[in-house]
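Engineer: Here's my sequence, what's the structure:
(2 chains)
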Amino acid sequence: QKEVEQNSGPLSVPEGAIASLNCTYSDRGSQSFFWYRQYSGKSPELIMFIYSNGDKEDGRFTAQLNKASQYVSLLIRDSQPSDSATYLCALSTGGSYIPTFGRGTSLIVHP
Amino acid sequence: DVKVTQSSRYLVKRTGEKVFLECVQDMDHENMFWYRQDPGLGLRLIYFSYDVKMKEKGDIPEGYSVSREKKERFSLILESASTNQTSMYLCASSLPNRDSPLHFGNGTRLTVT
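Structural biologist: Numbers count the residues shown, from 1 in each chain, chains lettered A, B, ... in the order given. As a prediction, the model looks like this:
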């Protein structure tokens, strides 16, 4: 059984701070990792994906992957109130097209 | 731009009714998914389709069926709606490889009274 664990939060950070969102997983065969953002009442939208160990940066977002320790993180620099949302971690393995989702972490950025 | 369209944003149905939720994608994606999302439970997969007329049960298929007669359209059917099927329903599509992210529709909030 593949499992993806996220702290449900809420994680509360002040505007301008770095928000760090973490995700651990149990299946060592996991190969592709995705971060989705979901605003309240809206559907998830992809913000980052990462396949290789290390860091991947896109604007204010950085995804970090450590396959040996089985975790993937999302850092949001210079957090803004508009970043307040639920962040879903998802992963895929080589044997399936069906991704496994975590339950999400709620992020609140307060002015 | 990639587009997944769900036919209704809000739907109210009565217990026992047969309910159809429609989803259309314009990206020529092979894979299509139906999820439901409830507070505290995250996304739960109901059904998955990897080709026309092909389907696989997800984690919670009971009480639901699906139809995929054309590549771009994936329908979710509640044979006899019950109050415990009140939820947000999300359709998604993707290419047939593990590196492909899911593209979600706007969701249908179904209330069964």
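
Engineer: got any ranges where the chain has weak pLDDT?
Structural biologist: Looking at chain A here, since you left the chain open. For chain A, the stretches flagged by pLDDT under 70 are A:1-2.

Engineer: should've been chain B
Structural biologist: Counting by pLDDT under 70, chain B contains low-confidence residues at B:2.

Engineer: which residue is nearest the middle of it?
Structural biologist: For chain B, the residue nearest the mean C-alpha position is B:Trp34 (2.8 Å; C-alpha atoms, centre = their mean).

Engineer: Whichever residue of chain A sits closest to chain B - nearest residue in space that isn't next to it in sequence?
Structural biologist: Residue of chain A nearest chain B, by C-beta to the nearest C-beta: A:Arg103 (3.6 Å). (C-beta placed from N, C-alpha, C; glycine too.) Using C-beta to C-beta, 6 or more residues apart in numbering or on different chains and skipping the chain neighbours, the partner closest in space to A:Arg103 is B:Gly42 (3.6 Å).

Engineer: The one you found touches A:Gly102, doesn't it?
Structural biologist: Yes: counting by C-beta atoms under 8 Å, B:Gly42 touches A:Gly102, with 6.9 Å between them.

Engineer: Among these two, which residue is more densely surrounded?
Structural biologist: A:Gly102 (25 against 17; other C-beta atoms under 10 Å in any protein chain shown).

Engineer: Would you mind measuring from the more buried one to B:Thr83?
Structural biologist: 28 Å (C-beta to C-beta, to the nearest Å).

Engineer: any idea how far the nearest residue to B:Arg73 once chain neighbours are set aside is from B:Leu41?
Structural biologist: Distance criterion C-beta to C-beta, 6+ apart; nearest residue to B:Arg73, sequence neighbours excluded, is B:Val24 at 5.2 Å. As judged by C-beta to C-beta, B:Val24 and B:Leu41 stand 27 Å apart.

Engineer: one step back: is it correct that the residue nearest to the centre of chain B is in contact with B:Arg68?
Structural biologist: No: the criterion here is C-beta under 8 Å, and B:Trp34 misses it with B:Arg68 at 10.4 Å.

Engineer: Overlap in contacts, those two.
Structural biologist: Residues touching both B:Trp34 and B:Arg68 (C-beta atoms under 8 Å, 6 or more residues apart in numbering or on different chains) are B:Phe74.

Engineer: how about residue 27, phi and psi?
Structural biologist: I went with chain A, as the question did not name one. Backbone torsions for A:Asp27, taken as degrees, to the nearest 10, come to phi -90, psi 110.

Engineer: How about the contacts made by it?
Structural biologist: So, once contact is read as C-beta under 8 Å, 6+ apart, A:Asp27 ends up touching A:Lys2, A:Glu3, A:Leu91, A:Thr93, A:Thr100.

Engineer: Ok, B:Ile46 next?
Structural biologist: Going by C-beta under 8 Å, 6+ apart, B:Ile46 touches B:Trp34, B:Tyr35, B:Arg36, B:Gly58, B:Asp59, B:Ile60, B:Pro61, B:Tyr64, B:Val66, B:Leu76.
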